[in-house]
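Participant: Need a 3D model of the sequence below.
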Amino acid sequence: MRKSAELRKAEIVTTVLALADRIGPDRVTTGAAASAVGVSQAALFRHFPTKAAMWRAVADHVTEELTTAWERALAHTDDPVGRLRALVGAQLGQIAATPALPMLLFSRELNVENRDLRAAFHGLLMRFHALIVTELAHGQEVGSLRHDLVPGDAAVLLTSLVQGMAIRWSLGARDFPLIEEGMRLFEVQLRLLAVKGD
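Facilitator: Okay, here's the model as predicted:
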């Protein structure tokens, strides 16, 4: 049975991400993607007329997955610290589920060859940063987090923690549990940000 255009596009996108994880984003060609999916390059071009369009679809997929994960994380509680914990956990979970993400951020494809891809991923990072800033500010308002913090600065620390863990995980051949280790270090960071008891 022949697959619909939407199903085939989704298959190509997930295949591109799997290839990017296996061989590196910069070595993913339209030919390699077509071969991995089991179609001709001409058939792939019917769905994505250019390599840039294929990568744009990958960015759209990642955006949708991350946005859904963030929304789910924020829906669990009204407590700002709980929401911070859930956001960081969701971000780490998405990286674990899509291991190509850290490599994409440092790829030639993203940083040199494809401005749209770069803009899409930069926008995602900025949205995550903004969500963290919002919860940090709410945490200050309710008295859970120190009032001498600048929320934007503290958000850089927390997003850098996630990015640093992702890089360490990728470079270390994924030899430790990313989510558990990331959340352990998040709790260490949180103790530094929390209001001290009397």
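Participant: quick one, what contacts residue 62?
Facilitator: 17, 98, 101, 120, 121, 124 (Cβ atoms under 8 Å, 6 or more residues apart in numbering). Placement of C-beta: from N, CA and C, glycine included.
Participant: That one - that's part of a helix, no?
Facilitator: Yes: counting by DSSP: H, G, I helix; E, B strand; the rest coil, one finds residue 62 located in a helix.
Participant: Tell me how far it lies from residue 123.
Facilitator: Here residue 62 is placed at a distance of 11 Å from residue 123 (Cβ to Cβ, to the nearest Å).
Participant: Next: residue 176.
Facilitator: Distance from residue 176 to residue 123, by Cβ to Cβ: 30 Å.
Participant: What's the local residue count around the nearest residue to residue 97 once chain neighbours are set aside?
Facilitator: Excluding its sequence neighbours, the residue lying closest to residue 97 (Cβ to Cβ, 6 or more residues apart in numbering) is residue 65, at 7.8 Å. Neighbourhood size, residue 65 [other Cβ atoms under 10 Å]: 14.
Participant: so residue 65 is in which element?
Facilitator: Assessed by DSSP states H and E, residue 65 sits inside helix 51-75.
Participant: helices and strands of this protein: which one has the lowest mean pLDDT?
Facilitator: Using mean pLDDT, DSSP states H and E, helix 108 stands out as the lowest-scoring helix or strand of the chain, at a mean of 81.
Participant: From the rest of the structure, what touches that one?
Facilitator: 25, 26.
Participant: Repeat the analysis, applying 10 Å as the threshold.
Facilitator: 24, 25, 26, 27, 114 (Cβ atoms under 10 Å, 6 or more residues apart in numbering).
Participant: Tell me the pLDDT of the second one.
Facilitator: Per-residue confidence at residue 25 stands at 89 (pLDDT).
Participant: Not counting its neighbours along the chain, what's nearest it?
Facilitator: Counting by Cβ to Cβ, 6+ apart, residue 25 lies nearest to residue 107, which is 3.8 Å off, once chain neighbours are set aside.
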